[in-house]
Each structure stands twice: as structure tokens, then as C-alpha cells.
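Novice: The sequence and its predicted three-dimensional model are supplied below.
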Amino acid sequence: MPVIRNQDIEEGRRCFLDCQAAFAAGTQDGLSRHVIAMATRYSLHVLEKAAPGPSVEVRVAPWGAVKILPGPDSDPHNLTPPDVVEISPTTWLALATGALSWEDAKTEGQVDTLGGRDDLVARFLPIQA
């Protein structure tokens, strides 16, 4: 199932740009739940298109998850890829908009990872809307 419906992509892009402006201005606390959800779904969609593959799952609960990057596929018994990255929506949007670096997020414990290839996600950030 896609992380965002085709008919919602343009709205997601607008919401992402709103988030980008809010993070740049330091006013992200005023973003609505709907804007955060749509911006998250849109940015995950862009990431999935930029780095297709089955080997790293990026989870931003509760708004979505995508599998990216070529490499080993999921274990057929539990369907979990060898590498998993879990990030809160606020941290994800800070990373996706360029307001937070991957290194800082990891140092501050804002990114939970499983596997050794999670840092490969960093080369696709920030997202280009």
C-alpha cells in the first residue's frame, strides 16, 4: 500500500513546504496534526522514489513507513528488513526539511535503528520537494 494516495500528493507537497517554512522560522509547534501527517507521508513518498529497494525500512509512526535502498530483502518469516529506522514525526520532518542533521539526531538519541546500514538514509536528506 502506498504511503500517500496519488490524489493527495500535491496537498502533501504544500504541507511539506509549510513545514519547511515553519522549521526555518522556529514556529513548528503551531503546525496542525493534518499538516504534519500529510507532510510526513509526502516526504516518505519522495524518499521512496529517490531510493527504491527492499532493504531499509523507514518508520515514522503513526503516519507511514517505506522500504528503501537496494540490498538484502526481508526475512520471509517475519517480513522485517535487515535494517530498520524509527523516527518520530517531528524529528523526521526536522531531518527532511534540513532543520536537523542526521548526525545530530543520532547523537541526541532521536533516531532508533536496527542494522548497520541506517546511515545510508542520511544521504537522501534533506528531501527536495
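Specialist: Yes, it's here.
Novice: Which residues are in contact with the most centrally placed residue in the chain?
Specialist: For the chain, the residue sitting closest to the mean C-alpha position, by CA atoms, centre = their mean, is residue 44 at 4.6 Å. The neighbourhood of residue 44, defined by CB atoms under 8 Å, 6 or more residues apart in numbering, consists of 3-4, 58, 60, 63-66, 92. Where you see a C-beta, it was placed from the backbone N, CA and C, and this is true even at glycine.
Novice: Run a quick neighbour tally on the nearest residue to residue 30 once chain neighbours are set aside.
Specialist: Closest residue to residue 30 in three dimensions, ignoring its sequence neighbours and counting by CB to CB, 6 or more residues apart in numbering: residue 22, at 6.8 Å. Applying other CB atoms under 10 Å, we find 20 other residues in the vicinity of residue 22.
Novice: Surely residue 22 and residue 36 touch.
Specialist: No: in terms of CB atoms under 8 Å, residue 22 does not count as a neighbour of residue 36; the distance is 9.9 Å.
Novice: Fine by me, we can end here.
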